[in-house]
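[1] Output the structure for:
(one chain, ligands or ions: 2)
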Amino acid sequence: MTSENQWWTESVIYQIYPRSFFDSNGDGEGDLPGITSHLEHVQSLGVDAIWLSPFYKSPNKDGGYDVADPRDVDPRFGNLDDAKAMIKRAHELGLKVLVDVVPNHFSDQHQWFKDAVASPKGSPERDRFHFHDAKADGTPPNNWISLFGGPAWTQVETADGSAQYYLHLFDSSQPDLNWENSDVSDDFEKTLRFWLDLGADGFRIDVAHGLAKENILIDHHDPQGLSDALRLDVEMSAETRGDLLSSVPFFDRDGVHPIYRKWRKLFDSYNRDVMAVAEAWVHPPVRATRYVRHDELQQVFNFDLLVAPFEAKFLYKCINDTLEMLHQVDAPATWALSNHDTPRVASRHGDQASRALALFVMALPGSCYIYNGQELGLPDADLADSDRQDPAFFRTNGVQKGRDGARVPMPWNGESATFGFSSGKPWLPIPQSWRGLSVADQEKNLESTLHLYRSALAIRREHLVGTGDITWVNRGETELLSFARGEYAIYLNAGNEVIEIPSVGKLAIGSNFKVVLADGSLILPPATSAWVAIR
Ligand code: GLC
Ligand code: CA
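    Ligands and ions are numbered 1, 2, ... in the order given. Modelled structure (predicted):
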């Protein structure tokens, strides 16, 4: 942990997926005024900040991560005044605001890309992207595969006959930017200033590890293996994955770091505490610490818990390694159990185990991220293929189902047909089985996941934040994990049997009401966790 704590050091940050939060005008899609009108729910959880996934001008081929103008709001979400009002309301409620920046690529509808296509080969307009000639046999410049499936190159035919391929690590509508071109870096600095000047407190940096590319005209020896290794849903041995991921020519190259050093200077030139968190899927995990060196960014996501099995020994290793690693660079750890790109934690581990894990993690030093709906224990929705919108679904011809199941709108109340999310038809159907999971329903139920998060965050803020490191007691030799922090003992039973622990103190909170402290023993049923105040 950092010696000098800043607002983000132990912050709880709530991720809002704008399209699915609240629809204010009945078109079936969430929007900025909808967020503004529902921030009190977020505040009531006891979080410190919100991070909003993109709401910029976009054709929305990849949920807004295909940005056509990073300094304007897409009409589906409102306008710039709505963004200002949203930031203002958040600040009134004591919430900091992080916005997403997407520096790896633009949308093909960005003016720059249109200009590039309209300009001849070798032009300055083309140099802002990665345009290259086909190989002699007409095939793409190299054999890289898009993370969403299919080739990472698409050919454009232009009026002057200069057919070339452009690189897109994601969808073909997301051309990768050339970060060696100073127009690109200048434009992003303009974007960062734009949102800071509008009142934002910082950024989540999309694909932060992707900006620098190497060997762009060289074939990879195992493109399919590499592409599989980058997909979390493809199983392979840790060794094979490790080998393939240890040097990806387009991820985690040294060239990304000078960019963040420059950004850090820009942040520090503001007279307030600006922070940024990097989305950097890197291998081995220790490489992540390079993004949070003292002159770079403040946080880097740790995605280990998004893929860890609910087993004590794995959880111990993942948590302990993370803490030790970040200690070395004096940066706060980050913890995330769900986001808009991965199956929700309640679907991965089931309702009870996901509550247990969340409570356990909320006691750790560092910063916690909560994805909207996680506080309701929402599972992934089982969608019909005809409802799916994720480009990963289309580019793999349905082999990958994609991420839409984790992006279904929030159920605000169980009464209306649309769960109070919209007066129109929600852009993705909300499952009928979610009736009892709505915010209003959970408000009434003291045993709900919503109350668990609220109570835990209140105790965390009052008694755990600022108390420093943890001391492990049970390290996963059995299915029990436990540590001491401040005046609390924290326990997790990841097994299938009840664990009884001799314990003095007072039960502060359990992940469900079956956890009890009786006759000097803490009773932890399977898949539960608890915090005990020891003094
Ligand atoms: C990030 C985003 C994801 C998006 C991708 C391409 O991983 O979180 O949603 O599809 O970048 O921008
Ligand atoms: Ca709307």
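
[2] contacts for the helix-or-strand element of the chain with minimal mean pLDDT?
    Least confident helix or strand, the chain: helix 238-245 with a mean of 90, by mean pLDDT, DSSP states H and E. With contact meaning Cβ atoms under 8 Å, 6 or more residues apart in numbering, helix 238-245 is reached by 222, 225-226, 228-230, 283-284. All C-beta atoms are positioned from the backbone trio N, CA, C, and that covers glycine.

[3] Flag every buried residue along it.
    Residues of helix 238-245 classed as buried by neighbour count (16 or more other Cβ atoms under 10 Å): 241, 244-245.

[4] next one: stretch 471-482
    Within stretch 471-482, the residues scored as buried using 16+ other Cβ under 10 Å are 474-476, 479-482.

[5] repeat for stretch 337-348
    Residues of stretch 337-348 classed as buried under the neighbour-count rule (16+ other Cβ under 10 Å) are 337-348.

[6] now, which of those residues sits nearest residue 214?
    In terms of Cβ to Cβ, no member of the buried residues of stretch 337-348 lies closer to residue 214 than residue 341, at 24.9 Å.

[7] contacting residues for the closest one?
    With contacts defined as Cβ under 8 Å, 6+ apart, the neighbours of residue 341 are 403, 406.

[8] just so I have it, where are all the helices in the stretch 251-400 of the chain?
    Assigned by DSSP state H, counting those that start in this stretch, the helices in the stretch 251-400 of the chain fall at 257-268, 304-307, 312-328, 345-349, 351-362, 391-395.

[9] which bits of the stretch 351-500 of the chain sit near ligand 1?
    On the criterion Cβ under 6 Å from any ligand atom, ligand 1 has no neighbours in the stretch 351-500 of the chain.

[10] Oh, that last question was meant for the chain, not what I typed.
    Proximity of the chain to ligand 1, by Cβ under 6 Å from any ligand atom, involves residues 62-63, 65, 102, 170, 206-207, 279, 340-341.

[11] Go through these and name the one nearest residue 313.
    Closest to residue 313 out of the residues of the chain next to ligand 1 is residue 341 (26.1 Å), distances taken as Cβ to Cβ.

[12] How much space separates that closest one from residue 478?
    Going from residue 341 to residue 478 by Cβ to Cβ, to the nearest Å gives 33 Å.

[13] List only those of the contacts of helix 238-245 flagged as buried.
    So, by 16+ other Cβ under 10 Å, the buried ones in the contacts of helix 238-245 are 225-226, 228-230, 283.

[14] Now, those that are in helices?
    If you go by DSSP state H, the buried ones among the contacts of helix 238-245 have 225-226, 228-230 in helices.

[15] now, which of these sits nearest ligand 2?
    Nearest to ligand 2 among those: residue 230, at 33.6 Å, using Cβ to the ion.

[16] Look at the closest residue to that closest one other than its chain neighbours and report its pLDDT.
    Spatial nearest neighbour of residue 230, chain neighbours left out: residue 147 (5.9 Å); criterion: Cβ to Cβ, 6 or more residues apart in numbering. Looking at residue 147, its pLDDT is 93.

[17] coming back round to it: need the ones in helices among the buried ones among the contacts of helix 238-245 in TSV (columns: pLDDT and distance to residue 6).
    TSV is the format used below for those (pLDDT from 0 to 100; distance: Cβ to Cβ, whole Å):
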residue	pLDDT	distance to residue 6
225	93	41
226	94	37
228	90	39
229	92	35
230	89	33
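
[18] Tabulate the residues you listed (a markdown table), appending distance to ligand 2.
    Output for these, formatted as a markdown table (distance: Cβ to the ion, whole Å):
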| residue | distance to ligand 2 |
| --- | --- |
| 225 | 42 |
| 226 | 39 |
| 228 | 38 |
| 229 | 38 |
| 230 | 34 |
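
[19] Can you tell me which of those residues is nearest ligand 1?
    For those, the residue nearest ligand 1 by Cβ to the nearest ligand atom is residue 230; the value is 10.7 Å.

[20] Please give me every residue in contact with residue 60.
    Contact partners of residue 60, counting by Cβ under 8 Å, 6+ apart, are 66, 74, 76.

[21] Now do it against residue 20, distance only.
    Counting by Cβ to Cβ, the gap from residue 60 to residue 20 is 13 Å.

[22] same question, residue 448
    In this view, residue 448 and residue 20 are 20 Å apart by Cβ to Cβ.

[23] Neighbour count: these two, which is higher?
    residue 20 (25 against 20; other Cβ atoms under 10 Å).

[24] my guess is the more buried one meets residue 371, correct?
    No - applying Cβ atoms under 8 Å as the test, residue 20 and residue 371 come out as separate, 10.4 Å apart.

[25] will you turn the contacts of residue 60 into TSV that also has neighbour count and secondary structure?
    Converted to TSV, those look like this (neighbours: other Cβ atoms under 10 Å; DSSP: H, G, I helix; E, B strand; the rest coil):
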residue	neighbour count	secondary structure
66	26	coil
74	23	coil
76	20	coil
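
[26] Export those to CSV and append columns for pLDDT.
    Below are the contacts of residue 60 laid out as CSV (pLDDT from 0 to 100):
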residue, pLDDT
66, 98
74, 98
76, 98
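
[27] between those residues, which is closest to residue 517?
    Using Cβ to Cβ, those come closest to residue 517 at residue 76, 50.4 Å.

[28] For residue 13, grab phi and psi.
    Per-residue torsions, residue 13: phi -120, psi 130 (degrees, to the nearest 10).

[29] Tally up the residues packed near the closest residue to it other than its chain neighbours, please.
    Nearest non-adjacent residue to residue 13, counting by Cβ to Cβ, 6+ apart: residue 49, 4.6 Å away. By the criterion of other Cβ under 10 Å, residue 49 has 23 neighbours.

[30] May I have the residues that are in contact with residue 49?
    Shown in contact with residue 49 (Cβ under 8 Å, 6+ apart): 7-8, 11-14, 95-98, 201.

[31] ok, so of these, who is nearest residue 31?
    residue 97 (16.1 Å).

[32] And for the helix or strand the closest one falls within, what's in contact with it?
    Secondary structure from DSSP states H and E places residue 97 in strand 96-101. Taking contacts as Cβ under 8 Å, 6+ apart, the residues outside strand 96-101 that touch it are 7-8, 11, 13, 48-54, 65, 70, 86-87, 90-91, 188, 191-192, 195, 199-206, 275-277.

[33] Paired strands for it, with orientation please.
    Using DSSP bridges, strand 96-101 pairs in its sheet with strand 49-52 (parallel), strand 202-205 (parallel).

[34] Deepest in the core, which of these is it.
    Burial of the strands paired with strand 96-101 is given as mean neighbour count (mean count of other Cβ atoms under 10 Å); strand 202-205 ranks first at a mean of 27.

[35] what mean pLDDT does it have?
    For strand 202-205, the mean per-residue pLDDT is 98.

[36] ok now it, how far from the chain's centre?
    Distance, stretch centre to chain centre, for strand 202-205: 11 Å (Cα atoms, centre = their mean, to the nearest Å).
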